[in-house]
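**Q** Make a model of this:
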Amino acid sequence: MSNGANNGKGAIKSLALLVAGIAVGAGAVYLTQPGGGETGASASGEPEPLYWVAPMDPNYRRDQPGKSPMGMDLIPVYAEDQNSGPDEGAGTISIAPEVVNNLGVRTGEVAESSLNFEVRTVGYIQYSEDRIVHIHPRVEGWIEKLYVKAAGEPVKQGQPLYDLYSPELVNAQEELLFALSRGDSRLTNAAEARLRSLNVSDSVIGTLKRNRRTLQTVTFYAPADGVIDDFAVREGFYVKPGMTLMSVGALDEVWVEAEVFERQSNLIKQGLPVVMRLDYLPGREWDGEVDYVYPTLDPNTRTLRVRLRFANPDRELKPNMFAEVRILNQSSEPVLSVPREAVIRSGQQNRVVLALGEGRFKSVAVNTGRSDGSRIEILDGLSAGEQVVTSAQFLLDSESSKTSDFKRMHQPDESDTAEQPAEVPTSVWADAQINKLMPDDLKINVDHAAIPEWNWPEMKMDFSVSEWVDLSTLNPGDKAQIEIRKLEEGGYQVNDIYVTEPAAGAQGGEMSGSSSDDMSGMDHSSMDHSAMESGADQGADQTMDHSNHNANPAGQQ
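**A** All right, here's what the predicted structure looks like:
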């Protein structure tokens with residue numbers, strides 16, 4: 001009996017232990033389920049991201065970390081990002097501090113400062129035109145003797161140049177001798193005046209009055225010191241009034257005529273300091289000033305002519321030489337300005353990204369004015385003391401565009417794609433590698449990644465570049481983000497360049513590539529968009545037909 005009781009108590013105890021174990025296991029499972037008990041994120045005190053987005057395309061969303069189609073790390077978006085921080089209006093975004101650090105975000109201040117403008121151009125050395133003398137005959141006759149033989153010979157004032165035989169000069173001499181023989185002072189003065197009007201020198205007239213004998217040939221002399229130029233006569237030539245025999249130009253002072261682009265003409269005024277350099281004398285500089293600004297533009301080159309003066313005591317400045325000219329203009333009054341790299345330029349407007357503090361940023365539209373190469377004048381849209389993003393700003397601008405309060409060209413949200421077709425953007429950003437710089441033509445050659453917005457495959461192509469892009473800061477081999485803009489008159493243009501990975505060294509020349517995809521001869525500035533679409537589905541290695549790359553008529557899309 002006692003054994004049965006003991007067995008019953010052992011069974012009850014085992015059953016109780018089994019029930020307790022099941023309860024503990026169920027509780028553990030419950031705590032590990034989503035929504036059951038505290039989550040791992042709550043326990044650690046760090047919020048969980050709602051989703052991850054691509055830095056260049058806020059509509060590319062994933063539920064876990066990864067890479068964007070352009071190879072960039074996806075950015076986490078948290079629930080608090082939607083409403084954190086003070087309300088700064090539409091377009092405000094909030095970025096985690098570690099993401100800001102990874103993106104390499106740098107800022108600059110909106111400040112009142114003087115702009116130091118510098119206009120670089122080419123100049124042409126010339127004779128000082130107010131000291132050049134052109135020599136013309138005033139009578140018909142024949143050159144009997146030349147005392148100078150070629151252009152470039154130096155001459156002194158009063159040095160003989162040539163002897164001329166002229167029947168008209170002989171008659172004028174006889175009139176003087178007749179007046180002298182009659183002793184008529186009135187006739188003598190009239191005869192001397194006629195000889196002087198025919199450019200006969202006082203020394204020749206004095207010889208006539210002493211010798212009382214006509215000269216068959218009359219000698220003509222150099223009117224000033226200088227060198228012979230425009231030498232167009234030889235011994236025996238028959239000459240007559242209106243012909244240019246030669247010129248005498250002075251070299252102790254020279255003129256330099258420079259050409260300035262029309263867009264820079266407002267920076268040029270008389271009296272500005274000028275620095276000039278010549279390639280054949282490296283390291284040597286000449287200081288001068290703007291002597292005269294011509295009132296009209298050249299109708300062919302659309303440039304403004306500017307005249308400069310430089311002393312030339314050593315005769316090192318020679319006419320027809322090319323010179324590098326820098327015209328300096330420092331603004332007298334401070335103006336509101338930002339660092340040049342802070343401005344995001346597009347076809348419709350210019351923008352900057354404001355750094356609001358605590359990881360918050362916002363894109364705002366601005367009106368820009370002049371630029372001195374390092375800073376850009378801000379006419380409207382910013383206030384002194386504000387901070388603007390100067391590095392990685394286009395990534396922040398792309399994210400801010402989702403809720404911005406100014407019109408932007410971007411892909412529609414996922415909720416809108418079922419109701420309306422995606423709008424084709426007029427400008428896109430793309431990964432590219434710079435192969436060749438052509439600053440004289442304002443062009444570059446790049447290898448750009450595929451551009452799905454325009455159905456473009458990967459290609460190597462030439463692009464025209466906007467005038468505000470400073471090509472001197474770029475090198476072949478740089479990897480960069482480039483903004484490509486479709487022009488209203490047809491063609492494509494690189495509107496801005498942001499270097500993401502500088503070249504290992506300054507390497508010139510074209511990048512190597514297979515012949516099947518080498519598009520270095522193509523120019524987007526005059527390319528038909530339909531030709532791009534026709535070859536888009538063939539892949540990056542498909543050779544495109546150059547016969548389809550016809551320039552669009554002006555204004556035709």
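**Q** Excluding chain neighbours, what is closest to residue 204?
**A** Among residues not flanking residue 204 along the chain, residue 218 sits closest, at 5.9 Å (Cβ to Cβ, 6 or more residues apart in numbering). (Each C-beta comes from the backbone N, C-alpha and C, glycine too.)
**Q** Number of residues surrounding the one you found?
**A** When counting by other Cβ atoms under 10 Å, one arrives at 25 neighbours for residue 218.
**Q** Over to residue 450?
**A** As a measure of burial, residue 450 has 18 neighbours, counting by other Cβ under 10 Å.
**Q** same deal with the one 5 residues further on?
**A** Other residues near residue 455 come to 15 when the count uses other Cβ under 10 Å.
**Q** next one: residue 374
**A** Residue 374 is flanked by 13 other residues according to other Cβ under 10 Å.
**Q** Could you pull up the contacting residues of it?
**A** The neighbourhood of residue 374, defined by Cβ atoms under 8 Å, 6 or more residues apart in numbering, consists of 339-340.
**Q** how about a cut-off of 6 Å?
**A** In this structure, residue 374 makes contact with residue 340, judged by Cβ atoms under 6 Å, 6 or more residues apart in numbering.
**Q** on that earlier part again, on the three-state scheme, the residue nearest to residue 204 is what?
**A** State at residue 218, reduced to three classes by DSSP: H, G, I helix; E, B strand; the rest coil: strand.
**Q** Quick check: it touching residue 168?
**A** No. Shown here, residue 218 and residue 168 do not form a contact pair, counting by Cβ atoms under 6 Å, at 10.4 Å.
**Q** Would you mind listing where the stretch 251-400 of the chain has pLDDT under the threshold?
**A** Where the stretch 251-400 of the chain drops to pLDDT under 70, the residues are 332, 347, 399.
**Q** Show me the helices in it, by range?
**A** 393-400 (DSSP state H, counting those that start in this stretch).
**Q** again, but for the chain
**A** Under the criterion DSSP state H, the chain contains helices at 2-32, 40-44, 97-103, 167-182, 185-197, 202-211, 393-400, 414-417, 529-534.
**Q** Put the alpha carbons of the fifth one into CSV.
**A** The C-alpha atoms that make up helix 185-197 are tabulated as CSV, following Å, rounded to 0.1, in the frame of the first residue of the first chain:
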residue,chain,number,x,y,z
SER,A,185,60.1,138.0,-100.9
ARG,A,186,56.4,137.3,-101.4
LEU,A,187,57.0,135.0,-104.3
THR,A,188,59.9,133.4,-102.4
ASN,A,189,57.8,132.6,-99.4
ALA,A,190,55.1,131.1,-101.6
ALA,A,191,57.6,128.9,-103.4
GLU,A,192,59.0,127.7,-100.1
ALA,A,193,55.6,126.9,-98.8
ARG,A,194,54.8,124.8,-101.9
LEU,A,195,58.0,122.8,-101.5
ARG,A,196,57.1,122.1,-97.8
SER,A,197,53.6,121.0,-98.8
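**Q** So which elements touch it?
**A** Of the remaining helices and strands, those touching helix 185-197 by 3 or more Cβ pairs under 6 Å, 6 or more residues apart in numbering; DSSP states H and E are helix 167-182.
**Q** Same question for the helix it packs on: list its buried residues.
**A** Of the residues in helix 167-182, those buried by neighbour count under the rule 16 or more other Cβ atoms under 10 Å are 169, 172-173, 175-177, 179-180.
**Q** for stretch 181-194, same thing?
**A** Along stretch 181-194, the positions that meet the burial threshold by neighbour count (16+ other Cβ under 10 Å) are 188, 191-192, 194.
**Q** Please apply the same query to stretch 199-215.
**A** Of the residues in stretch 199-215, those buried under the neighbour-count criterion (16+ other Cβ under 10 Å) are 199-201, 204-205, 208, 215.
**Q** Please enumerate residues in contact with that stretch?
**A** In contact with stretch 199-215 (Cβ under 6 Å, 6+ apart) are residues 138, 170, 173-174, 176-177, 192, 195, 218, 221.
**Q** what stretches of the protein score poorly on pLDDT?
**A** Scanning the chain with the threshold set as pLDDT under 70 gives 1-45, 56-59, 79-90, 332, 347, 399, 401-423, 505-557.
**Q** tally of neighbours for residue 66?
**A** Taking other Cβ under 10 Å as the criterion, the count of residues near residue 66 is 10.
**Q** One more: residue 396?
**A** 23.
**Q** Can you give the domain ranges for the protein?
**A** Domains of the chain are assigned by automatic domain parsing as 32-83, 102-115+334-400, 118-128+251-330, 133-249, 424-548.
**Q** thinking again about what came up before, just name the closest of the buried residues of stretch 199-215 to residue 432, please.
**A** Among the buried residues of stretch 199-215, residue 199 lies closest to residue 432 (Cβ to Cβ), at 69.4 Å.
**Q** what separates stretch 206-226 from the chain centre, distance-wise?
**A** 61 Å (Cα atoms, centre = their mean, to the nearest Å).
**Q** ignore the last one, stretch 489-502
**A** Using Cα atoms, centre = their mean, the distance from the centre of stretch 489-502 to the centre of the chain it belongs to is 12 Å.
**Q** Okay, buried residues for it please.
**A** Buried residues in stretch 489-502, defined by neighbour count with 16+ other Cβ under 10 Å: 490-498.
**Q** With only the CA atoms kept, save it in CSV.
**A** As requested, C-alpha coordinates have been extracted for stretch 489-502 and formatted as CSV (Å, rounded to 0.1, in the frame of the first residue of the first chain):
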residue,chain,number,x,y,z
GLU,A,489,17.5,73.5,-78.8
GLY,A,490,18.5,69.9,-79.1
GLY,A,491,21.5,67.9,-77.9
TYR,A,492,23.0,67.3,-74.5
GLN,A,493,25.4,69.1,-72.2
VAL,A,494,27.2,68.4,-69.0
ASN,A,495,25.9,70.9,-66.5
ASP,A,496,28.0,70.1,-63.4
ILE,A,497,30.7,67.7,-62.3
TYR,A,498,31.4,66.3,-58.8
VAL,A,499,34.6,64.3,-58.5
THR,A,500,34.1,61.2,-56.3
GLU,A,501,37.5,59.6,-56.7
PRO,A,502,40.4,61.7,-58.1
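**Q** if I look at residue 497, how far off is residue 233?
**A** For residue 497, the distance to residue 233 equals 58 Å [Cβ to Cβ, to the nearest Å].
**Q** With residue 102 instead?
**A** Computed as Cβ to Cβ, the residue 102 to residue 233 distance reads 78 Å.
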